[in-house]
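Colleague: I need the structure of the sequence given here:
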Amino acid sequence: MKQLTSFFCASFVFISVTTALASARTWYIKPDGSGDAPTIQAGVDSAEVGDVVLVAAGHYTWTNQGTGSDYGLILLWRDRSGFELRSESGPEATILDSEGQGRVINLMAYNDVTIDGFKITGGVAPELGNFTGGGLGGHLSSPVIRNCIFSGNSALYGGGVWFGGVSGVRFENCRFVSNTARNGGGVFLINSSATMTFVGCVFENNVASSKGGGIFCYNVSISLEGCGILGNTAGVEGGGVQCENIFPSTIRNCTITENGSPVGGGIRLFRYSTIIVQNSIVSHSSQGAALGIETESSLDLGCSDLYGNAGGDDLPPEVIDSGGNFFLDPQFCGVQGTHFCHLQADSPCAPGNHPDGDSCGLIGAYPVSCGSVPVKDKSWGEIKALYRY
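Modeller: Below you'll find the predicted structure:
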């Protein structure tokens, strides 16, 4: 009898899920309001589990949407879960713009939506919620966010994005560009036992007046894989990444270059933080050393290249050297300032080129995409001729 009851229960669950998926629909949203719902918010409010809110190419603003509030332009709250908000034509063609009037997207309370393919810009964090998350603010949420660009947003905490409170968010192939904040110019992460994951993302030219130009994290676990952290700055510490009181975390196959801050131009660890950095490049910091590690913290470094950082490349005492590390020019294809960080064919970071013969594989986020750049021998006379008026 017990087996029969279990069979009927399993059958009921299967039929319920199948029925829900079979009844899923697509809500098509157009800029002129002539789609299946007049606004993106109306589409979100109409969506059920398994639905897709598909947004046509266009510029969706605080003004033409008319749905902005103290919480944001688009709200995804407790009863809005299990569906996908997706652009039809990608982020360059599908823009969500708060026009400096408030936050762009607000995620709240246990929703697990997927957001795919938008440019999120013009966001300013509201006073309600302590000025957090100019582009996107998430609390108690576990969404998947992919193929999005967060650009030109501002906040006190998390210019591009703020997430906190048991938020197991996953970002895939997203860009965080030219956002500003006091802490966490690009992204601010806080107070979560779930891992915050970033795969194939880029943090570029973000600015924090205090801590964490690219990323600021506190009391969380993070995973960065295949990411570029490029040209970010912080006024006090943590030009690229600033972590405080974090659970064991990982940075793997990342390129961290041309960031700057007085303390920890590349990576700064503070207050009992533990992190593994593997197969990564930390180079060319404009200010500060590659690594800034407080005494109570530790960083396990392996198969990584530290080079050309303004404050030095030395390993602090708190670093555990797991082997395979070196201090050579990574030989990017692009000149400094372009952030084109693919590798030359003869780069020591390319697979098979390790200076000590170690089998580390690719070091950094980007593969080989150009040949060797030859250096032509010149006479002293030829060199002086280059500087004649």
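Colleague: which residues does residue 217 contact?
Modeller: Applying CB atoms under 8 Å, 6 or more residues apart in numbering to residue 217 gives the contacts 188-190, 196, 241-244, 246, 249. For glycine as for every other residue, the C-beta is placed from the backbone atoms N, C-alpha and C.
Colleague: and the residues you listed as a markdown table, adding secondary structure?
Modeller: Output for these, formatted as a markdown table (DSSP: H, G, I helix; E, B strand; the rest coil):
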| residue | secondary structure |
| --- | --- |
| 188 | strand |
| 189 | strand |
| 190 | strand |
| 196 | strand |
| 241 | strand |
| 242 | strand |
| 243 | strand |
| 244 | strand |
| 246 | coil |
| 249 | strand |
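Colleague: spit out the contact partners of residue 109.
Modeller: The contact partners of residue 109, by CB under 8 Å, 6+ apart, come to 77-78, 139-141.
Colleague: compare those and tell me which has the most neighbours.
Modeller: Among these, the one with the most neighbours (other CB atoms under 10 Å) is residue 141, at 25 neighbours.
Colleague: does the residue lying closest to it once chain neighbours are set aside sit in a helix, a strand or a coil?
Modeller: Leaving out its chain neighbours, the residue that sits closest to residue 141 by CB to CB, 6 or more residues apart in numbering is residue 107, at 4.2 Å. Put simply, residue 107 is strand when judged by three-state DSSP.
Colleague: rewinding a little: among the contacts of residue 109, which lie within helices?
Modeller: Residues of the contacts of residue 109 located in helices (DSSP state H): none.
Colleague: residue contacts, residue 175?
Modeller: Residues in contact with residue 175, defined by CB under 8 Å, 6+ apart, are 148-151, 201-202, 204.
Colleague: most neighbours of all those residues, which one?
Modeller: That'd be residue 150 among the contacts of residue 175, by other CB under 10 Å, with 34 neighbours.
Colleague: show me the contacts for that one.
Modeller: 120-121, 135-136, 160-161, 174-177, 179, 186.
Colleague: next one: residue 151
Modeller: Going by CB under 8 Å, 6+ apart, residue 151 touches 119-121, 160, 175-179.
Colleague: would you list those in a markdown table and tack on pLDDT?
Modeller: Listed next are the contacts of residue 151 as a markdown table, based on pLDDT from 0 to 100:
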| residue | pLDDT |
| --- | --- |
| 119 | 99 |
| 120 | 99 |
| 121 | 99 |
| 160 | 99 |
| 175 | 99 |
| 176 | 99 |
| 177 | 99 |
| 178 | 99 |
| 179 | 99 |
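Colleague: what's around the nearest residue to residue 92 once chain neighbours are set aside, how many residues?
Modeller: Spatially, and ignoring its direct neighbours in sequence, residue 92 is nearest to residue 119 (6.6 Å; CB to CB, 6+ apart). For residue 119, the neighbour count with other CB under 10 Å is 24.
Colleague: what sits against residue 119?
Modeller: 91-92, 94-96, 148-149, 151.
Colleague: can you put those in TSV and add distance to residue 214 and pLDDT?
Modeller: Converted to TSV, the contacts of residue 119 look like this (distance: CB to CB, whole Å; pLDDT from 0 to 100):
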residue	distance to residue 214	pLDDT
91	19	99
92	22	98
94	25	99
95	23	99
96	22	99
148	16	99
149	15	99
151	14	99
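Colleague: any idea which of those residues is closest to residue 225?
Modeller: residue 148 (17.3 Å; CB to CB).
Colleague: now that closest one: how far from residue 36?
Modeller: From residue 148 over to residue 36 the distance is 23 Å, taken as CB to CB, to the nearest Å.
Colleague: same question, residue 256
Modeller: The gap separating residue 256 from residue 36 is 44 Å, by CB to CB.
Colleague: neighbour-wise, which of these two wins?
Modeller: Between residue 256 and residue 36, residue 256 has the larger neighbour count (other CB under 10 Å), namely 34 against 15.
Colleague: make CSV out of the contacts of residue 150 and add secondary structure.
Modeller: As requested, these are exported to CSV (three-state DSSP):
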residue, secondary structure
120, strand
121, strand
135, coil
136, strand
160, coil
161, strand
174, coil
175, strand
176, strand
177, strand
179, coil
186, coil
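Colleague: scan those residues and report the most crowded one.
Modeller: Neighbour-wise, these (other CB under 10 Å) top out at residue 160, 37 neighbours.
Colleague: contacting residues around that residue?
Modeller: Going by CB under 8 Å, 6+ apart, residue 160 touches 120, 134-136, 150-151, 153, 176, 179, 185-187, 206.
Colleague: just checking, residue 76 touches residue 112?
Modeller: No. At 10.1 Å, residue 76 does not count as touching residue 112 under the criterion of CB atoms under 8 Å.
Colleague: what residues do those two have in common as contacts?
Modeller: Shared contacts of residue 76 and residue 112 (CB under 8 Å, 6+ apart): residue 141.
Colleague: which of those two has more neighbours?
Modeller: Neighbour totals were compared for residue 76 and residue 112, and residue 76 leads with 26 against 14 (other CB under 10 Å).
Colleague: residue contacts, the nearest residue to that one once chain neighbours are set aside?
Modeller: Distances taken as CB to CB, 6+ apart place residue 107 nearest to residue 76, at 5.0 Å, with adjacent residues excluded. Shown in contact with residue 107 (CB under 8 Å, 6+ apart): 76-77, 113, 136-139, 141, 143.
Colleague: cool, and residue 214?
Modeller: For residue 214, the contact set (CB under 8 Å, 6+ apart) comprises 176, 185-187, 203, 206, 229, 232, 239-241, 259.
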